[in-house]
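Asker: Could you work out the structure for the sequence below:
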Amino acid sequence: MEEVNGIIYVVATPVGNLGDITYRAVDILKKVDFIICEDTRVTKILLDHYNIIKKFVVINAKNESIVIDRIIERILTGESCALVSDAGTPCISDPGIRFVNRAIHNGLQVNGIPGPNAAVLALSISGLPTYSFVFEGFLPQKKGRQKKLKQLAEEERTLVLYESTYRIKKLLQELNEYMPQRQIVVARELTKKFEETWRGTASEILTGYEDKISKGEFVVIVAPLNWKERDPEDHSEPY
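Answerer: Numbers count the residues shown, from 1 in each chain. As a prediction, this is how the structure comes out:
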């Protein structure tokens, strides 16, 4: 049996479908003393599904600096915890990386429990080149956003972006302005009941799916600069 005392586990949880979690992740969630999460309401849905009862500590942008030291003190006394996000792998465009960094500097053991990640999942079904890509997560909302878009317009690797319900239409409009010819894949509500994947230029996606663009959580994959789709039987170079 896996010993958990005095260890911090970074546990990947489902992106949407509650069945997408490893046996080991469930086992660790049952064994640790407490769970660090973003939103107790979201995490409780997962724990209830697997009949797990645990105490929570919430970490977010507002309280992170306050609660980190308290959590580390508990781990130093021999307690164990699991760090989870609302969906997918923690610390990827989510709170928690500062806590993990501080824990490492305090000599604490941090173990990862692998599992779902929305960016990698979307890449795997995109049909776009995956041999080299850059993950940008959420673009800056205001300051630096236009500068970042100009930089990405010259990027020769596949781009992976996250976007929320409230800003997806704006992002597609910007991609249409800065990268009008690039092929794009938009993955909406991955693994959930109303999962959809849209392909085309930003303009084509805006035109074809305008009534659905503002609903759900999105991963946007953008083809590399100057990339052209080729015959799948052409194996002359990595895809």
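
Asker: and stretch 131-141, average pLDDT?
Answerer: Average pLDDT, stretch 131-141: 93.

Asker: buried ones in the lowest-mean-pLDDT helix or strand in the chain?
Answerer: Every helix and strand of the chain was ranked by mean pLDDT, DSSP states H and E. The lowest is helix 64-76, at a mean of 91. The neighbour-count criterion (16 or more other CB atoms under 10 Å) identifies 64, 68, 71, 72, 75 as the buried residues of helix 64-76. For glycine as for every other residue, the C-beta is placed from the backbone atoms N, C-alpha and C.

Asker: Also stretch 158-170?
Answerer: Along stretch 158-170, these residues count as buried under the neighbour rule (16+ other CB under 10 Å): 158, 159, 160, 161, 162, 163, 168.

Asker: mind listing the strands for this protein?
Answerer: 7-11, 34-37, 55-58, 81-83, 109-113, 133-137, 158-163, 184-188, 196-200, 218-222 (DSSP state E).

Asker: what's near enough to touch residue 85?
Answerer: By CB atoms under 8 Å, 6 or more residues apart in numbering, the contact list for residue 85 reads 13, 37, 38, 91, 92, 94, 95, 96.

Asker: mind checking how far it is from residue 98?
Answerer: Going from residue 85 to residue 98 by CB to CB, to the nearest Å gives 14 Å.

Asker: Could you do residue 27 as well?
Answerer: With distances taken as CB to CB, residue 27 is found 27 Å from residue 98.

Asker: do the same with residue 9
Answerer: As for residue 9, its distance to residue 98 is 17 Å (criterion: CB to CB).

Asker: So between the two, which is more surrounded?
Answerer: residue 9 (25 against 14; other CB atoms under 10 Å).

Asker: hang on, the more buried one packs against residue 30?
Answerer: No. Between residue 9 and residue 30 no contact is recorded; they are 11.6 Å apart, counting by CB atoms under 8 Å.

Asker: Show me which of the buried residues of helix 64-76 is closest to residue 195.
Answerer: In terms of CB to CB, no member of the buried residues of helix 64-76 lies closer to residue 195 than residue 64, at 31.7 Å.

Asker: ok, and the closest non-adjacent residue to the closest one?
Answerer: residue 98 (5.8 Å; CB to CB, 6 or more residues apart in numbering).

Asker: Give me the number of neighbouring residues for the nearest residue to residue 12 once chain neighbours are set aside.
Answerer: Leaving out its chain neighbours, the residue that sits closest to residue 12 by CB to CB, 6+ apart is residue 115, at 2.9 Å. As a burial measure, the neighbour count of residue 115 was computed by other CB under 10 Å and equals 17.

Asker: same check, this time on residue 205
Answerer: 21.

Asker: ok, it to residue 228 distance?
Answerer: As defined by CB to CB, residue 205 lies at a distance of 19 Å from residue 228.

Asker: So, low pLDDT: which residues of the protein?
Answerer: For the chain, the stretches with pLDDT under 70 are 1, 229-239.

Asker: Could you break it into its assigned domains?
Answerer: By the assignment in automatic domain parsing, the chain contains the domains 7-113, 118-222.

Asker: what's the neighbour count on residue 185?
Answerer: Other residues close to residue 185 by other CB under 10 Å number 22.

Asker: How about the contacts made by it?
Answerer: Contacts of residue 185 were listed using CB under 8 Å, 6+ apart, and they are 122, 125, 126, 127, 128, 197, 198, 199, 220, 221.

Asker: What of residue 49?
Answerer: Here residue 49 is in contact with residue 18 (criterion: CB under 8 Å, 6+ apart).

Asker: and residue 32, how many residues sit next to it?
Answerer: Applying other CB under 10 Å, we find 23 residues neighbouring residue 32.
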